[in-house]
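A.B. asks: Predicted coordinates and the sequence they were generated for:
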Amino acid sequence: MSQRALIGLAGTCAAMVMFIGAGSALAHTIVGNRLFPVTLAIDDPGVNDELALPSFGSMASANPDGTRGPISYTLGLEYSKTIMADLAVSIGSEGITWQRNPSASGWANIETQAKYVFYKDPAHEFIFSGALSVEWGNTGSPASASIPADPFTIVIPKLFIGKGFGDASVDWLRPFAITGEVDYSVPTTSINALDLNRNPTVLTYGATLQYSLLYANSFVHEQPEFFNRLIPAFEAAFSTPVSNIGPSDPDAFVHTTTGVVGPSVYYIGRNFEVGVMAQIPINHASGRHVGVMGVVDFFLDDIAPTTLGKPLFGSRQVRSGAY
């Protein structure tokens, strides 16, 4: 395998890890008294009217020989619109990527998604949902670009869960919550026409552990003013090729599970959220150094509740008075 191909493969591995959640519809979700914020490693389990602008990521990958590989910076966006209270569609993109070592740039493909909440239990702060996402091939940079977008379409069924522990019998546990996501990415062609490499199907999975100072301030005990709008969390996301992988290559990462873990914190304003996450790679295939992701998310359902932020059909979701 050529050095250029190795660099490209390493960059692809890093990008897979860095943007596990970035292509998903970003949203904040309220179930009973629980607010599940936008999270960066994975998507949250709800549906809402929101605009994520911008979403930002940075990661330094590694070459197979252990040397530092490409350093990528990406700026993207996502718009989500409710059709009914439990159904939303979204459109967005990981956006533009700038790369150093070597220098390169390109636009990612457009991604659309339909997401539905199957079950919600406000009393127990539990939610279960699913989505079907499509990344449309040839809607980003052409093959002539230094970072071309995939020329093939990828179909991605997804499942989500969220559980807050506000129903716990002890106060110290009540501000905690967990969320999880599992995706299965299926390319529509088995061979990439750009480099003639295989397009593997990929299992992506992740979770967050959240401690809501916002929840604690509202329902457990009062927090200092500076802290009472914060939700710190610890997040993890992983990606594993599962089929159409081809033979193992010691000079590449084609059979390697990649992933990131790291702390994050989210500030919940009245009409917006700001979040940032440190990405710690789990191995050299995932990245060379700690990366960062960030998002600014505008709650259109709160900014314009009777117009732009209202479902096209039916009534709005019930909101807790605390939010």
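C.D. replies: Happy to help now that I have it.
A.B. asks: in the stretch 151-300 of the chain, which spans are strands?
C.D. replies: With DSSP state E, counting those that start in this stretch as the criterion, the stretch 151-300 of the chain has strands at 154-164, 176-187, 201-211, 230-243, 258-268, 272-281, 291-299.
A.B. asks: need the contact list for residue 240.
C.D. replies: The contact partners of residue 240, taken as CB atoms under 8 Å, 6 or more residues apart in numbering, are 202, 203, 204, 205, 257. Quick note: C-beta positions are derived from backbone N, CA and C, even for glycine.
A.B. asks: Give me the spatial nearest neighbour of the fourth one, chain neighbours excluded.
C.D. replies: Leaving out its chain neighbours, the residue that sits closest to residue 205 by CB to CB, 6 or more residues apart in numbering is residue 182, at 4.8 Å.
A.B. asks: check contacts around the one you found.
C.D. replies: So residue 182 contacts 158, 159, 203, 204, 205 (CB under 8 Å, 6+ apart).
A.B. asks: now, among those, which is nearest to residue 100?
C.D. replies: Nearest to residue 100 among the contacts of residue 182: residue 204, at 26.3 Å, using CB to CB.
A.B. asks: rewinding a little: return the member of the contacts of residue 182 nearest to residue 121.
C.D. replies: For the contacts of residue 182, the nearest to residue 121 is residue 159 (16.8 Å; CB to CB).
A.B. asks: With mean pLDDT added, can I get the strands of the stretch 151-300 of the chain in CSV?
C.D. replies: CSV is the format used below for the strands of the stretch 151-300 of the chain (pLDDT from 0 to 100):
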stretch, mean pLDDT
strand 154-164, 98
strand 176-187, 98
strand 201-211, 97
strand 230-243, 96
strand 258-268, 96
strand 272-281, 96
strand 291-299, 95
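A.B. asks: Next, format those as JSON lines and append distance to residue 54.
C.D. replies: Putting these into JSON lines (distance: least, CB to CB, whole Å) gives the following:
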{"stretch": "strand 154-164", "distance to residue 54": "22"}
{"stretch": "strand 176-187", "distance to residue 54": "22"}
{"stretch": "strand 201-211", "distance to residue 54": "21"}
{"stretch": "strand 230-243", "distance to residue 54": "19"}
{"stretch": "strand 258-268", "distance to residue 54": "16"}
{"stretch": "strand 272-281", "distance to residue 54": "11"}
{"stretch": "strand 291-299", "distance to residue 54": "6"}
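A.B. asks: can you tell me which of these comes nearest to residue 109?
C.D. replies: Closest to residue 109 of those, according to CB to CB: strand 154-164, at 8.4 Å.
A.B. asks: Contacts only, for residue 37.
C.D. replies: For residue 37, the contacting residues are 28, 44, 210, 231, 233, 266, 268, 273, 275, by CB under 8 Å, 6+ apart.
A.B. asks: Now with 7 Å, please.
C.D. replies: Contacts for residue 37 (CB atoms under 7 Å, 6 or more residues apart in numbering) come out as 28, 44, 231, 266, 268, 273, 275.
A.B. asks: so where's the protein shaky on pLDDT?
C.D. replies: In the predicted model of the chain, residues 1-27, 64-66, 246-253, 317-323 satisfy pLDDT under 70.
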